[in-house]
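1. model the structure of this input:
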Amino acid sequence: MFHPPLPGVDNKHPRITGLCPFSSGELLVADEANHKLKRFSLQGEFKGTIPIPEYVAPCSVAAISGGKVAFTAGSRLYLLEKDGTQVWQKALRHSQASHAAAAVGDDRIAVSVSGHVEVYDAEGQLAEKVFPEGREERCLVFMVHRQGGFVASDWHRHSVVAFDSYGELLMECREEQLEQCQPGAVCADDTGAFYVVLRDLNKVVAFSADGEVLGPLLTAQNGIDRPRVATVTREGRLAVALSDGTVHVFRLRRKGK
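-> Okay, the predicted model is just below:
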């Protein structure tokens, strides 16, 4: 566990709205309250910040090759170099309070917009749009890319949905399967298994790559309280940010290991 509040860096108590792996052994933390993108080692050592435009409050964050960082803020998507130089920014259709960003491979960025997913290349060109089930009837608040498609939390239907890169529905876990809890942040590992934050229940629930509910991976017994967002690192760690501004890092244990 480590505590992101930083003397001389933070003016307010952190509100962590985004997490993603960043370079080897690092996490990138989006602190909406302090308008910062912060770098930490997996052991909690502060590595500095990535400068962002003034008065911009980052929400969701994702990193691609070359040290480039994408993040959403309000109804905009930004891509920055590691030193904070802006590569481009895009205006998004303002149809939801926040937009989820996710890395797609090494050089593309996906963002949730008005019930569908838009995928941009590193030059800022729109590469594709993905409509779950061919329609625009969902509210994808949290999203992650995994091999072959996406997993997202749909706040319109109160469900977790997995769909391929063509929008074909692969599975849907409805509210009754989530203990009547609104699904929160989602993340996935390199096997395709994914993890869903249930903030009100103080749980992170694991799903197989096929969408089978495997049960709680983390609960209050693991020291988590009101989890907000989560990510899986390249080193096989699960990082979970809590509402109190702390980040907890766990080793993922898979079958046979």
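2. quickly list what Gly149 is bridged to.
-> Beta-bridge pairing for Gly149 (DSSP bridges): Arg146, Asp164.
3. that one touches Val161, doesn't it?
-> No - between Gly149 and Val161 there is no contact under C-beta atoms under 8 Å: 10.2 Å. In this view, the C-beta of every residue, glycine as well, is placed from N, C-alpha and C.
4. more neighbours, the two?
-> Neighbour count, other C-beta atoms under 10 Å: between Gly149 and Val161, Val161 has more, with 24 against 20.
5. from the contact counts, what lies against whichever strand or helix holds that one?
-> Secondary structure from DSSP states H and E places Val161 in strand 159-164. Other elements packing on strand 159-164 under the criterion 3 or more C-beta pairs under 8 Å, 6 or more residues apart in numbering; DSSP states H and E are strand 149-154, strand 169-173.
6. contacts for it, please.
-> Strand 159-164 has contacts (C-beta atoms under 8 Å, 6 or more residues apart in numbering) with 130, 132-133, 138, 148-154, 169-175, 178, 183, 186, 194, 196, 207, 211.
7. of those residues, buried ones?
-> Buried members of the contacts of strand 159-164, scored by 16 or more other C-beta atoms under 10 Å, are 130, 132, 138, 149-154, 170, 172-173, 178, 183, 186, 194, 196, 207, 211.
8. surely Cys59 and Ile16 touch.
-> No - applying C-beta under 8 Å as the test, Cys59 and Ile16 come out as separate, 10.4 Å apart.
9. mutual contacts of the two, please.
-> Joint contacts of Cys59 and Ile16 (C-beta under 8 Å, 6+ apart) are Ala30, Glu32.
10. hang on, the earlier thing: could you check the angle strand 169-173 makes with the strand holding Val161?
-> Interaxial angle, strand 159-164 versus strand 169-173 (axes from the mean of the first three to the mean of the last three C-alpha atoms, to 10 degrees): 160 degrees.
11. nice, that's everything, thank you.
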